[in-house]
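J.: Okay, predicted coordinates and the sequence, questions at the end:
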Amino acid sequence: MKNIVGVRFKKPGKVYFFDPGYIKLSNNDKVVVETSMGEELGTVVISKRQMPEEKIVAPLKKVLRIATNADLKHYEDNKKKEKEAFKICEEKIKKYKLDMHLTDVEYKFDNSKVLFYFTADGRIDFRDLVKELAAIFKTRIELRQIGVRDEVKRIGGNGVCGRELCCCSFLGDFETVSIKMAKEQNISLNPSKISGNCGRLMCCLKYEQNVYEDKLARLPKIGAIVKTADGEGTVDSVETLKEILRVKFKDEEDGYFYKKYPASEVKLVKNASYDNVDEEEKEHLKELQELEKLEMQDSKNKKNEDDDM
């Protein structure tokens, strides 16, 4: 077992584990830690505890010290420098007529590097831009292309629910979201209704998915034949969270009538395979599948600061 503390560098952001050594730390303490990129200033979000060594990504870096007033002032000075660097970089992008959109600038705590985050549709030859920026700032320069989800996370905004975007308020990392989740939650497959500010599928589709998967595994599918107290019928619709089935029956005059039953009161005779997608929604599937591919590609190609800690 190893002693660890959890440190976050951005809010929201991924939590990294560090060795506190003999330093007494509490939640919300500002600390300077050793990373593969040099010294960084972060906030303790998980107090000292023990963790099995097999769960720790080696090597476990150390907490160097509790941040001093000088460290905090240096951090704030870097934030001011970032705003100035942003303006300078934008001017140089226009000078070289590069088809790229600058999103954010980040000074490493020890000033060993300045990172410029940008989005672009394709590959950009920014070698001349890097040379000029290095000459201006007298330090290492890195231009890092990010995906649209990371861009929106950095810019911020509100979702369709009216609340601050999840990725800007509490999500530490992005999780894969799929069309299957929208289908199983019986949500409209209209891309405009299930896409976030970034143009990708909304992260909140993931939140209740485990509950839906658990319930759907136990419930008959639409089109299944079930036996009820009123005889055999076909499942016409399913209220997943309430576990209520609407069953369609034939009447004596070759018409139909419907009745609702708790799932616990019906017996499955023959299940069905039904995708629960109407003709109108099928038209949206192609666009959604393209979004899903882009999301998978973003996950594979994602290169952000989390990989460097």
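T.: Yes, it's here.
J.: any idea of the pLDDT on the residue nearest in space to the middle of the chain?
T.: Note on the chain: the residue nearest the mean C-alpha position is residue 174, at 2.1 Å, using CA atoms, centre = their mean. Note for residue 174: predicted pLDDT of 82.
J.: Name the nearest residue to it, sequence neighbours excluded.
T.: residue 149 (5.7 Å; CB to CB, 6 or more residues apart in numbering). In this view, the C-beta of every residue, glycine as well, is placed from N, C-alpha and C.
J.: and the next element down the chain from the longest helix along the chain?
T.: Longest helix in the chain by number of residues (criterion: DSSP state H): helix 69-95. Next helix or strand after helix 69-95 toward the C-terminus (DSSP states H and E): strand 101-107.
J.: Can you show me the helices along this protein?
T.: So, for the chain - with DSSP H - the helices run 69-95, 127-137, 148-155, 166-169, 179-184, 191-194, 209-218, 279-301.
J.: got the angle between the longest helix of the chain and strand 101-107?
T.: Put simply, helix 69-95 runs at 150 degrees to strand 101-107, going by axes from the mean of the first three to the mean of the last three CA atoms, to 10 degrees.
J.: Alpha carbons only: can I get the lengthiest strand in the chain in PDB?
T.: The single longest strand within the chain, with elements called by DSSP state E, is strand 38-51. Output of strand 38-51 as PDB, limited to C-alpha atoms (Å, rounded to 0.1, in the frame of the first residue of the first chain):
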ATOM      1  CA  GLY A  38       8.200  20.000 -14.600                       C
ATOM      2  CA  GLU A  39       6.700  21.700 -11.600                       C
ATOM      3  CA  GLU A  40       3.000  22.400 -11.500                       C
ATOM      4  CA  LEU A  41       0.600  24.100  -9.100                       C
ATOM      5  CA  GLY A  42      -2.600  22.200  -8.200                       C
ATOM      6  CA  THR A  43      -5.300  21.800  -5.600                       C
ATOM      7  CA  VAL A  44      -5.700  18.800  -3.200                       C
ATOM      8  CA  VAL A  45      -9.100  17.300  -3.800                       C
ATOM      9  CA  ILE A  46      -8.500  13.800  -2.200                       C
ATOM     10  CA  SER A  47      -6.900  13.900   1.200                       C
ATOM     11  CA  LYS A  48      -4.100  11.500   2.200                       C
ATOM     12  CA  ARG A  49      -5.100   7.900   2.100                       C
ATOM     13  CA  GLN A  50      -3.600   4.500   1.200                       C
ATOM     14  CA  MET A  51      -4.000   2.800  -2.200                       C
END
